[in-house]
Structures are given as structure tokens and as C-alpha cells.
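Enquirer: dropping the sequence and predicted coords here.
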Amino acid sequence: MHLRNRIANAFRRKVLLGGNMHQDYRRLVAFAGALALLVVLIPTPATAQNRIIKGKVINEKGDPIEGATVAIQGTDVKRDYTVKTNKKGEYFYMGIPFGVYRVIVRAPGYQPDFAENIRPNINQDSEIPFTLKPGSDHKLAFELSKAEMEQIKQQQEKAGQQKQGVSEANALLKAGATLAEQGKHAEALVEFKKALDKAPDEPVILAHIASALANTNQLNEALATYQKAIALKPDDAALYTNMGVLLGKMGKPEDAKEAFKKAASINPAAAAQNFYNLGATLVNSGRAADAAEAFRQAIQADPNFAEAYYQLGICLSGNPTTIPEALKALLKYTEIGRNAEQIEVAKQLIAALQPQAKKP
């Protein structure tokens, strides 16, 4: 309306001043039309970018995550916007230009997450919620460089090869164990070594090799193999136990004693068995008094360890001063022991020792 009034006024001035009235009027009308077209075709900046991306970030328990970093990245045209979540875990960003976006969320103590192919709309807010899982931050796949992607590819290929090797090693290990059960220790050793070729430095395989070496009288090689296995897995009590048995067989009772003690310290639940093994080693070395102490420790660790009572009674029966304790141990064995032959031996010893115990 204002534009029309201005044209009309200009027209009246032209009439008063003189001139080509009709030609000037046409020019003014054309100019006014062009201005009107510009007004229609050029939108205001506020209307053009009034797009919103918002959402809420929570953990797996449903609790809001405050202070999470939300990165909004253009994937068609390079654009980057960043916003933080509030106390309610909410984020809000207004003024997003037309385009395609990726939204990435990171928070300390959580694994990153993202959403892709987000296309904000003027008429509707783009709401993108996130539920983060506990964990550490790391690069997402699209954030990796070519060199990093190649490294991951190589690691995955190596892991696949190792998995295949472990599968083959397990089959060979099983075959060797079957041969060992049949007493074919030399043949078992061959299978165990094949398994080790498939899965090098595997403590379980090394332990089987050491056992096969010991059973084929290759004691020094067996000891070295146990030591290698222990170096790889120093918290395995069974390795120390088996090495202790081997050391006893090699006539090294003090070293065996240390091995059994180490096994007992690593796995207190198996302490009774380890002290019993120590006692057996000492008995075979002719050290009955030390063996008796080891059997006492086994009984202390497990008051129902029948074999420890039996062996303790045997060890103490040869010394007049320890006959009373020997009788108690043998009597206990007759109550809880399960080996019928040994129970009979215990009864015979009791009958033989009781008269001596009564002597002043």
C-alpha cells in the first residue's frame, strides 16, 4: 500500500511539472513489481536456519549424564557445532542450516555413541536421544586414519590366525592327553609338542609337556619346562605343585618344599594337598620327622584329610616318644578312611602299638 501511494504521488508531480506522463508511469510500475518480487523470493535468515537438534543423554540405569559433550558435524558440507548436556542430561542446539549431520556424544567413564544421517527440518525439531554404556573413550570407526584402520585390520587377521591355531592346538592337546592316560607318554609328548607349535608359550601345553618329559625320565628337561610355564603364569598354584612333585622325584626335597609352600600360598583351598605332597616327598627322602610336620600342616588345613592321618601315623609309629600321637592318627583314619586295605593295616598297627604305649 505504501509503495502504491509513492507511485501515485510521483505521478501527480509529473503531471504538475510536465513531461511524458504515460512513459514514466510504466517505468514506475515495472520498478515496483521488481521490488515486490525480491521481497517474495529472499527469505529472512531467521526463517532459513531455524532448525533444532536436541535430545537427552542417559546411562543404562536411566540416570541423566550431565556435562556430556555433544558434537554435531555436517557430513555433506563441513560444519561443526558443540554443546554440553545440562543437569537433566539434555542438550539443545538451534540455528542449524539445511543439510545432513552426524551427532556424536562423549562423557567421562562411558563409551562414545553416535547417530548418523540426521536431516533437521524447519517444521519439526530433530530429537536424538542417547543411552551410553560404561567404558572408556575411543575413536569411532569414521574417526580412524587410514594407517589406524590398516593396523586394526592386521590385528584382526592375526587374532583370526591365533584363534585357528588355538583350535588346532586343543585338538592335539586332547589327543596327547588320551595317549598319556594309556601310558604312552613318548607318543603323548610328540602330540603336545605339535600343540605348542600351534600355540607357542601356552602354559597349559607346557605343563603337559613337562609331565610327559617327567614320565619318560627326562627330569631336567621337565623341570626347565615347568619353570618356563611358571614364568608365563606365575599365579598358577598347580604348576608349583607339579614342579614340587618333580623336585621330590629328583631328590631335591628343599626345593620341593619351597614349591609346595608357594602353591599353598597362592591357593589356600588346596593347601592341605600341597602339604601332603610335601610330606610324601620328605618320606621318600628318609626325613620322617619333617614329613610328620608336613602331614600335621595338611591336617590343620583340612581336618578331614584321611590320607594325612594315615601317613602321619606311619611316620610316628617308629619312635617310642611319638607312639601316642601315632595311635590317635591311626584311629582317626579307621573312622574316616576309605581304603579298606589301609584301614586293615592301620588296625594291625594299632594293635601292635597299644602295648608299647602302655609301657612306662
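Expert: Ah, there it is.
Enquirer: quick one: the strands in the stretch 1-150 of the chain, in order.
Expert: Assignment of strands within the stretch 1-150 of the chain using DSSP state E, counting those that start in this stretch yields the ranges 52-59, 69-74, 80-84, 90-94, 101-106, 113-118, 126-127, 130-132.
Enquirer: Thr131 pairs with what?
Expert: Partner residues in beta bridges with Thr131, using DSSP bridges, are Ile58.
Enquirer: got the contact list for it?
Expert: Contacts for Thr131 (Cβ atoms under 8 Å, 6 or more residues apart in numbering) come out as 57-60, 113. Any C-beta I mention is one placed from the backbone N, CA and C, and that applies to glycine too.
Enquirer: any chance of the strands of the stretch 1-150 of the chain in a markdown table, plus mean pLDDT?
Expert: Written out in a markdown table, the entries for these read as follows (pLDDT from 0 to 100):
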| stretch | mean pLDDT |
| --- | --- |
| strand 52-59 | 96 |
| strand 69-74 | 96 |
| strand 80-84 | 96 |
| strand 90-94 | 96 |
| strand 101-106 | 96 |
| strand 113-118 | 96 |
| strand 126-127 | 94 |
| strand 130-132 | 97 |
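Enquirer: tabulate those strands (CSV), appending distance to Phe192.
Expert: CSV is the format used below for those (distance: least, Cβ to Cβ, whole Å):
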stretch, distance to Phe192
strand 52-59, 48
strand 69-74, 53
strand 80-84, 58
strand 90-94, 59
strand 101-106, 49
strand 113-118, 47
strand 126-127, 61
strand 130-132, 47
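Enquirer: in space, what's closest to Ile53 - neighbours in sequence excluded?
Expert: Distance criterion Cβ to Cβ, 6 or more residues apart in numbering; nearest residue to Ile53, sequence neighbours excluded, is Ser126 at 4.7 Å.
Enquirer: and that neighbour, how many neighbours does it have?
Expert: Applying the criterion other Cβ atoms under 10 Å, we find 19 residues in the vicinity of Ser126.
Enquirer: now for it: which residues touch it?
Expert: Taking Cβ under 8 Å, 6+ apart as the definition of contact, the neighbours of Ser126 are 51-54, 96, 118-120.
Enquirer: ok, now Ala175?
Expert: By Cβ under 8 Å, 6+ apart, the contact list for Ala175 reads Glu191.
Enquirer: one step back: of all the contacts of Ser126, which two lie farthest apart?
Expert: By the measure Cβ to Cβ, Lys54 and Arg119 form the most distant pair in the contacts of Ser126, at 14.7 Å.
Enquirer: settle it for me: which of the two has more neighbours?
Expert: Of the pair Lys54 and Arg119, Lys54 is the one with more neighbours under other Cβ under 10 Å, namely 16 against 11.
Enquirer: what pairs with that one across the strands?
Expert: The partner list for Lys54 in beta bridges (DSSP bridges) reads Phe92, Glu127.
Enquirer: so it touches Tyr93, yeah?
Expert: Yes. The criterion here is Cβ atoms under 8 Å, and Lys54 meets it with Tyr93 at 7.0 Å.
Enquirer: Asn274 versus Pro268, what's the distance?
Expert: With the distance defined as Cβ to Cβ, to the nearest Å, Pro268 ends up 10 Å from Asn274.
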